[in-house]
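In: Provide a 3D model corresponding to the input given below.
(one chain, ligands or ions: 1)
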Amino acid sequence: MNKIKKIISKKNKTKIVSLTAYSKNVASILDNYCDLILVGDSLGSVLYNYKSTREVTLNTIIKHSKSVRMGIKKSLMIVDMPYNTYRTPKEALKNAKQIMKKTKCDGVKLEGGKKNYKTIKTLVKNKIPVMGHLGLLPQSDKTFKFKGKKKLERDSILRDSQLLEKAGVFSIVLECIETSLAKLVSQNITVPTIGIGASKYCDGQILVFDDLIGLNPMNYKFVKKYANIRKYISKAVFNYSREVRKIKFPSKKNSF
Ligand code: KIV
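Out: Numbers count the residues shown, from 1 in each chain. Reported below is the predicted structural model:
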């Protein structure tokens with residue numbers, strides 16, 4: 001836990017920088033700039049074209065996490081617990097232990113509030129650092145609309161954040177929630193909040209890496225594309241295909 005507190009704390013003057021990674025090469029680049037790298041179950045839609053993150057299995061997340069581990073030297077590495085792997089404290093403990101042991105990650109993340117209270121307490125008691133996740137919860141959400149418009153919803157997210165803190169999480173991801181609610185939650189708990197579509201008032205930010213570099217052709221309101229990597233890849237592949245067809249590649253230089 002000390003390593004975690006050293007790297008991400010509310011007391012830090014600068015915001016916490018986090019991104020997702022699903023493989024070694026990407027992780028090794030992100031490691032130079034990020035405080036925290038998440039092996040998110042978003043890999044289900046990003047890599048496997050699954051309709052929902054619910055299809056991601058424990059084996060799949062462990063396989064990708066092992067690859068990511070090889071690329072990280074200094075950042076925290078957190079792994080998402082897939083759907084149906086933490087329905088009871090006992091099930092969560094067994095699966096979280098497996099994730100920690102096989103991937104050598106620094107902690108796990110799981111979605112939801114009140115219903116996970118006992119589970120989180122159990123994991124923390126067993127020395128497994130836990131990151132919470134509130135707001136839009138992709139494993140269970142039906143509408144995929146931002147949260148925090150209605151009073152009932154706002155109260156429940158605020159209450160859940162305080163419960164998660166009490167249960168012992170080291171941080172909470174806030175996904176797609178209204179700005180003033182993100183501010184209120186961030187000001188009312190002592191653990192850092194990491195936002196995705198949750199305003200500048202969170203203690204840090206996270207994005208899906210493929211969205212940030214523009215590899216994902218979709219546009220989302222909460223994403224800023226910092227590169228148009230599809231353009232660069234297209235250019236490189238176009239040049240390669242032209243040279244292969246014109247028998248310019250491989251040249252002497254590339255031959256034995
Ligand atoms: O699965 C994921 O990538 C996530 C982030 C979007 C926070 O949970």
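In: give me phi/psi at the nearest residue to residue 86 once chain neighbours are set aside?
Out: Residue nearest to residue 86 in three dimensions, not counting chain neighbours: residue 92, with 3.6 Å by C-beta to C-beta, 6 or more residues apart in numbering. (Glycine included, C-beta is placed from N, CA and C.) When read as degrees, to the nearest 10, the backbone of residue 92 gives phi -60, psi -40.
In: now do the SS call for the residue lying closest to residue 202 once chain neighbours are set aside.
Out: Across the structure, with C-beta to C-beta, 6+ apart as the measure, the residue nearest residue 202 apart from its sequence neighbours is residue 195 (3.2 Å). Assigned by DSSP: H, G, I helix; E, B strand; the rest coil, the conformation of residue 195 is strand.
In: check contacts around residue 195.
Out: Listed by C-beta atoms under 8 Å, 6 or more residues apart in numbering, the contact set of residue 195 reads 173-175, 177, 182, 201-202, 204-206.
In: re earlier: thought the residue nearest to residue 86 was touching residue 123?
Out: Yes - under the criterion of C-beta atoms under 8 Å, residue 92 is in contact with residue 123, at a separation of 6.1 Å.
In: settle it for me: which of the two has more neighbours?
Out: When residue 92 and residue 123 are compared on other C-beta atoms under 10 Å, the one with more neighbours turns out to be residue 123, at 28 against 24.
In: touching, the more buried one and residue 117? I think so.
Out: No - taking contact to mean C-beta under 8 Å, the distance of 11.3 Å between residue 123 and residue 117 leaves them out of contact.
In: could you list every helix and strand in contact with the helix or strand where residue 38 lies?
Out: Element membership of residue 38, judged by DSSP states H and E, is strand 36-39. Using 3 or more C-beta pairs under 8 Å, 6 or more residues apart in numbering; DSSP states H and E as the contact criterion, the secondary-structure elements in contact with strand 36-39 are strand 16-20, helix 58-71, strand 76-80, strand 204-207.
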